[in-house]
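Peer 1: sharing a model that was predicted from the sequence below.
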Amino acid sequence: MAEVVGGALLSTFLQVLFNRLASPGASDFVRNLGLSDELRYTLQDKLEIVHRVINEAEVKQIWEPDIERWLDRVKDAVYGAEDLLDEIATEVLRSQIEGAGSRNRVLNSQFDSWFKTPGNGMGNRVKEMISDLESILKERDFRLIEADGHNEESWLLRQTTSLMDESLVVYGMDESKDTIVNLLLYGNMIDVISIVGMGGCGKTTLAQLVYNDERLNRHFGLEDQTGSSHFDLKDKKASMHFDSEDQNAGMPFDFKAWVCVSKNFLVLRITKLILEGIGCATPSDLLSSNLDLLQLKLKESLRGNKFLLVLDDVWSIGFREWDLLRLPLPEGSKVLVTARDLHVATTMRSVYTHPLTCLSEADSWKLFQRLAFVNGDTSQYPDLESIDRDIVPKCGGLPLAINALGRLLYSKTETCEWKKKLNSEIWYLDTDVLPSLILSYQDLPLQLKRCFAYCSIFPKAHEFNMEKLILLWMAQGYLQLQRGMERIEEVGELYFHQLLSKSFFQKSVAHDSLFVMHDLMHDLAQYISRKFYVRLNDIHEVQNISETTRYSLYLENTDSKVKAPFRKFEGLTKGKGLRTLMELKYKCGHQINKRVSLHDMLPKWRSIGINSLVELPTRMDKLINLRYLDLSFTTLIERLPDSVCYLCNLQTLLLSRISSLVGFPTMMDKLINLRYLDISGCREMPSHIGKLPNLQKLSDFIVGPQEHGVRIIELKELSDIRGRLEISRMENVVNADDALEASMKDKKHLDELSLIWPSCVGEGDKTDKILEKLQAHAISNLKKLNIINSPCLKLGDWGRDSRLLNLLSLELDGCRN
């Protein structure tokens, strides 16, 4: 899949916009806006040239300020192109909605006022964009490869060897080393053991410790081995294919070879290096391109011998390449792999994967102390010793960072020098930490780069939810449907797990369902996204917004005593292309009221998450690009304005716990792109909910009174809703046929369903028939079913229904019979 998402020259969002504008139903309309086919093709061509050099420019900018400044201009232009094309595509969508009927006449006038303003001629604006891109490309006086940025010889710059500095003291790896050594010494199959972790966490160092361990080079018995470490062989026998009769168990290796693989897994090159490593390669072998002859020679050289192969720094590998490389290896061979990506271990079918985590606080301090002070002695520098306790946490337990910072400060004995590094947010620019991490970033496909950079809006140590982050990515246009996938959210899940497997994300220690970024990964994200992504820790920092801040804003204010007047927000208008405004904390002191012309401030917003609004502006229709709106926990909003229905791009609407909300617009069915609707804790239900064709997630369905409320039959067409659904006010379902027509059995993607009555007072027989017709138990993938306060509950033949095989939990609370 990485090849698929990385193959496009344009960003996914731009590519989809161009395709939409070229579609048969849109091309004539686009021409009428003044955008000819020739202009569209020219703009696309210029953007493709730009994208071909961005990858390499992002790496070279670390050392070349000229490239950094040029890259900022490029990104600004690309963001501008996205905004412009998004406006055009939205106008196309608006024109398609026009044909739906007379109910949209009000909608038409709202959009016309935006797109037909003098000076908004699309053709002229596209010409200006093309001229800007041409000017930027002409300024490219430095050499940048118009390709994917991968240098075929780049592996030469990242060579590693099996040798270690004998004076080096390694902290925090003894237990990991013992575990891996024991695994290597036993078994008669070709076993692969992987060490996986983020760049700089010590994978190569651990592999070197194992490779040079004397237990791999001398004879010793099983009894000695099992008594030398905290390792239970009994627990590993099944997974390691141990054979108690194996005569080689516990025996040393006859041959060992160390190969630094790096970016390109080339079987021919690796085979030559193995032959060279075991001392069997001739000059003609090293010049040969005949893989067959080389593998035959390797097989013969290793015949009857026990062999250990270390493949260090493996970035990617296919099943075919691994199966081909392992052919000459004799039975009983062991392969130790180090990689940044968990998928490498999976592809090589590792029998054991060792996740290498960062050093503990105590080990981090010991390592830093040894590197920053002569002989590790801090007694001569008491003032510095008090600072190092604060400075070491900046490294986040990453050995590479601790080494870099310790060596950086070794020759500095002035307190002011140490405090300068303590207070610096970019101390790593003087070290090899950033280049090491940026290699991982460089290896990402374009769309994963943008998804990762977006996370820079979060503060350090912020725990985030996967689903909500995917919705934010989706709002920015980073996710588009891939071949073989039914839902756009599947693409987001794929991207998220790829970033997780490559250690850009980590699981939270405190909360199993949440994730975090390592501090230095967060620093990398901020470095990559600087000038375009700004996170404000307080509203008084709005002055940090500039004209180049055109991408994302994350607003955080935890001081409930501060009542910032709205004039403080006026600084936001400087960022004409800002796309995201979010509040992280639910204790914000400022309040935005109806005096605020929200749409005039930031017309290009794609994501808004604010809980401090007093009232929404009546002209929400101006936010034509809006795709994500989160007003959860807002306490003073009583009604959504009718103009919300004109947000034809809106995908996510989160209204959780707005207890004051008492009314919804009557044209909610016009939100044709709405996929997520959360109204948990609300007292009413929007009408026409069954006419939302793309709805994937509905938190609650509140059944209304029979004569004028929302009836349960509106669920009939929502066959794609998934996850958890709560149906409340079940006492308003008075007709059993309505329950049948809701077609609950067709909601095959639901995994949790709650049916709630306000109390167990009601007509028992009628309730029993409604439950029978509802057929909730027939939902094939349902895992949890909750029935609360039912006046009558007869499970009947449910227990014998084969469709209940997936049900893990049945909760009956307050029910009769």
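Peer 2: That came in fine, so what should we check first?
Peer 1: for the rest of this, base every contact and every neighbour count on C-alpha atoms.
Peer 2: OK.
Peer 1: what number of residues lie near residue 513?
Peer 2: As a burial measure, residue 513 scores 12 neighbours (other Cα atoms under 10 Å).
Peer 1: residues in contact with residue 274?
Peer 2: Shown in contact with residue 274 (Cα atoms under 8 Å, 6 or more residues apart in numbering): 257, 258, 259.
Peer 1: what subset of the residues you listed is buried?
Peer 2: Buried by 16 or more other Cα atoms under 10 Å: 257, 258, 259, out of the contacts of residue 274.
Peer 1: separation between the first one and residue 633?
Peer 2: Pointing back at residue 257 there. According to Cα to Cα, to the nearest Å, residue 257 and residue 633 sit 60 Å apart.
Peer 1: same thing with residue 252?
Peer 2: Here residue 252 is placed at a distance of 64 Å from residue 633 (Cα to Cα).
Peer 1: cool, and residue 215?
Peer 2: Relative to residue 633, and taking Cα to Cα, residue 215 is found at 61 Å.
Peer 1: now swap in residue 692 and tell me
Peer 2: Residue 692 is 24 Å from residue 633, by Cα to Cα.
Peer 1: again, but for residue 73
Peer 2: Residue 73 is 39 Å from residue 633, by Cα to Cα.
Peer 1: need the three-state assignment for the nearest residue to residue 659 once chain neighbours are set aside.
Peer 2: Spatial nearest neighbour of residue 659, chain neighbours left out: residue 682 (5.7 Å); criterion: Cα to Cα, 6 or more residues apart in numbering. The three-state assignment at residue 682 reads coil, by DSSP: H, G, I helix; E, B strand; the rest coil.
Peer 1: how distant is stretch 698-713 from the center of its chain?
Peer 2: Taking Cα atoms, centre = their mean, to the nearest Å, one finds the center of stretch 698-713 at 36 Å from the center of the full chain.
Peer 1: name the surrounding residues that touch that stretch.
Peer 2: Outside stretch 698-713, the residues within contact range by Cα under 8 Å, 6+ apart are 676-680, 683-688, 721-722, 724-730, 732-734, 738-739, 741-742.
Peer 1: just the buried ones among the residues you listed, please.
Peer 2: Neighbour-count burial within the contacts of stretch 698-713 applies to 676-680, 684-687, 721-722, 724-730, 732-734, 738-739, 741-742; the criterion is 16+ other Cα under 10 Å.
Peer 1: the helices in the stretch 551-700 of the chain, which residues?
Peer 2: For the stretch 551-700 of the chain, applying DSSP state H, counting those that start in this stretch gives helices covering 598-601.
Peer 1: that should have said the stretch 101-250 of the chain, apologies.
Peer 2: 105-115, 122-138, 174-185, 203-211, 222-226, 233-240.
Peer 1: same question for the stretch 351-500 of the chain.
Peer 2: Taking DSSP H, counting those that start in this stretch as the criterion, the stretch 351-500 of the chain carries its helices at 361-372, 382-391, 399-409, 415-423, 433-442, 446-454, 466-476, 488-501.
Peer 1: the fifth one: how far from the chain's middle?
Peer 2: It refers to helix 433-442. The mean C-alpha position of helix 433-442 is separated from the chain mean by 17 Å, Cα atoms, centre = their mean.
Peer 1: same question, the longest one
Peer 2: If you compare the mean C-alpha spot of helix 488-501 with that of the full chain, they lie 6 Å apart, counting by Cα atoms, centre = their mean.
Peer 1: name the residues that touch it?
Peer 2: Outside helix 488-501, the residues touching it (Cα under 8 Å, 6+ apart) are 340-343, 448, 451-452, 466, 470-471, 473-474, 479-482, 485, 505-506.
Peer 1: and those, which are buried?
Peer 2: 340-343, 448, 451-452, 470-471, 473-474, 479-480, 505-506.
Peer 1: out of these, who's nearest residue 409?
Peer 2: For the buried ones among the contacts of helix 488-501, the minimum distance to residue 409 (Cα to Cα) is 28.4 Å, reached by residue 340.
Peer 1: any low-confidence regions in the stretch 601-750 of the chain?
Peer 2: 601-604, 611-615 (pLDDT under 70).
Peer 1: the same query, at a cut-off of 80, please.
Peer 2: The stretch 601-750 of the chain contains residues with pLDDT under 80 at 601-605, 609-619, 621-622, 635-636, 706-707.
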